[in-house]
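Participant: quick one: sequence and predicted model below, then my questions.
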Amino acid sequence: MNERYLSVDQVAEVLGTTVRFPRRLIEERRITYVKVGRHVRIPESAVREFIDAHTVRPRRSNLGRAA
């Protein structure tokens, strides 16, 4: 069990958002979370997966092609 679990405040800091955003992700079940009593924790791997799933990659360049 080497997984690190983050609080909502820590996830907001990682994502650079307010606390409201990760709370909304939890409410809409758009991110994996764990309830420990009344506390909510988000696995670090779930945050990485969320970021990867929402990362927009640049398009390949069309250099050298005629339009």
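Facilitator: Perfect, I can see it now. Because the structure is a prediction, the values reported are computed rather than measured.
Participant: so which residues of this protein form strands?
Facilitator: 5-6, 34-36, 39-43 (DSSP state E).
Participant: in a markdown table, list those along with mean neighbour count and distance to T18.
Facilitator: Bear in mind the C-beta positions are built from the backbone N, C-alpha and C, glycine included. As requested, the strands of the chain are exported to a markdown table (neighbours: other CB atoms under 10 Å; distance: least, CB to CB, whole Å):
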| stretch | mean neighbour count | distance to T18 |
| --- | --- | --- |
| strand 5-6 | 18 | 15 |
| strand 34-36 | 10 | 22 |
| strand 39-43 | 17 | 15 |
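Participant: what about these, which gets the closest to R60?
Facilitator: Among those, the nearest to R60 by CB to CB is strand 39-43 (33.4 Å).
Participant: distance from that closest one to the middle of the chain?
Facilitator: Chain-centre distance of strand 39-43: 13 Å, with CA atoms, centre = their mean, to the nearest Å.
Participant: contacting residues around that strand?
Facilitator: Identification of contacts with strand 39-43 by CB atoms under 8 Å, 6 or more residues apart in numbering yields 3-8, 11, 22, 26, 31-35.
Participant: how deep is E3 tucked in, by neighbour count?
Facilitator: 10 (other CB atoms under 10 Å).
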